[in-house]
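In: attaching a predicted model along with its sequence, questions to come.
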Amino acid sequence: MELAVCANYKSSLHNTIASAQPMTKPKIIARRVAAETQLFKVESIDLEFKTGVKRTYERLVPGGAGAVMMIAINEHDEILLVREYAVGVEDYVLTLPGGKIDLGETPEQAADRELKEEVGFGAKNIEILRKINLNPRYASNGITVALAYDLYPATLEGDEPEPLEIVKWPIAKLDELLWQEDFNEGRAMAAAILAVNRYQSLSR
């Protein structure tokens, strides 16, 4: 009975979302670069909403071809994590390997290259899962999440300022990882959940 109720609820929710009327986007009156550094560009956008209200918002605008974050799972059903220094919090954090997509690269090619640079493995199978936006209110940039498996040893020279510590974490203990104090990057947590769910569905 519970399963039937759950299924009916999901079906009803899907129908409600699918039948929702499209929202009228606010009109962009003007946009300009408010500030720019070597790494960041801040854009100021003047908007007029359908109510007549006018507002100015600022957002971060990405450069380059985007970025990719990988959940690499080895033959022992372990996620390959990296521990690296994060200047934002001024401390070492546990996270997933990832990096920029170079111009001319596909997300799959970038994921394979970054894995070789950061964890010393390539992947015979790389599946792009989805793109995650970092903060839709203040940024237009996101990161592409990739699941990598059927790994094999392979290395490429990367651009890290110091060697990364590789940490292997069993997917069976994903819940413990999500509560690990130094594994606190929101996009890495979301990516890990998405990828492990997908990987386990492939293994059934």
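Out: Sure thing, it's come through.
In: when you work out contacts or count neighbours from here on, use the C-alpha atoms and nothing else.
Out: Fine.
In: domain parsing of this protein, as residue ranges.
Out: What automatic domain parsing lists as the domains of the chain is 22-61, 67-203.
In: hey, least reliable of these by pLDDT?
Out: Ranked by mean pLDDT, these bottom out at domain 22-61, with a mean of 92.
In: just the buried residues of that domain, please?
Out: P26, K41, V42, E43, S44, I45, D46, L47, E48, E58, R59, L60 (16 or more other CA atoms under 10 Å).
In: is it possible to get TSV of these that adds secondary structure and distance to K168?
Out: Putting the buried residues of domain 22-61 into TSV (DSSP: H, G, I helix; E, B strand; the rest coil; distance: CA to CA, whole Å) gives the following:
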residue	secondary structure	distance to K168
P26	coil	47
K41	strand	36
V42	strand	37
E43	strand	40
S44	strand	43
I45	strand	44
D46	strand	47
L47	strand	47
E48	strand	50
E58	strand	39
R59	strand	36
L60	strand	34
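In: could I get those in JSON lines, plus columns for distance to D175?
Out: JSON lines is the format used below for the buried residues of domain 22-61 (distance: CA to CA, whole Å):
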{"residue": "P26", "distance to D175": "41"}
{"residue": "K41", "distance to D175": "36"}
{"residue": "V42", "distance to D175": "36"}
{"residue": "E43", "distance to D175": "38"}
{"residue": "S44", "distance to D175": "40"}
{"residue": "I45", "distance to D175": "40"}
{"residue": "D46", "distance to D175": "43"}
{"residue": "L47", "distance to D175": "42"}
{"residue": "E48", "distance to D175": "44"}
{"residue": "E58", "distance to D175": "36"}
{"residue": "R59", "distance to D175": "33"}
{"residue": "L60", "distance to D175": "32"}
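In: all the helices of the protein, in order from the start?
Out: With helices called from DSSP state H, the chain shows them at 2-19, 107-118, 174-178, 186-203.
In: circling back to that earlier point, among the buried residues of domain 22-61, which one lies nearest to L103?
Out: K41 (18.7 Å; CA to CA).
In: distance of V89 from T95?
Out: V89 sits 13 Å away from T95, taking CA to CA, to the nearest Å as the criterion.
In: same check, this time on V87
Out: Distance from V87 to T95, by CA to CA: 14 Å.
In: so for the two, which residue has more residues nearby?
Out: T95 (25 against 9; other CA atoms under 10 Å).
In: check contacts around the more buried one.
Out: T95 makes contact with L81, V82, R83, E84, F183, N184, E185, A188, according to CA atoms under 8 Å, 6 or more residues apart in numbering.
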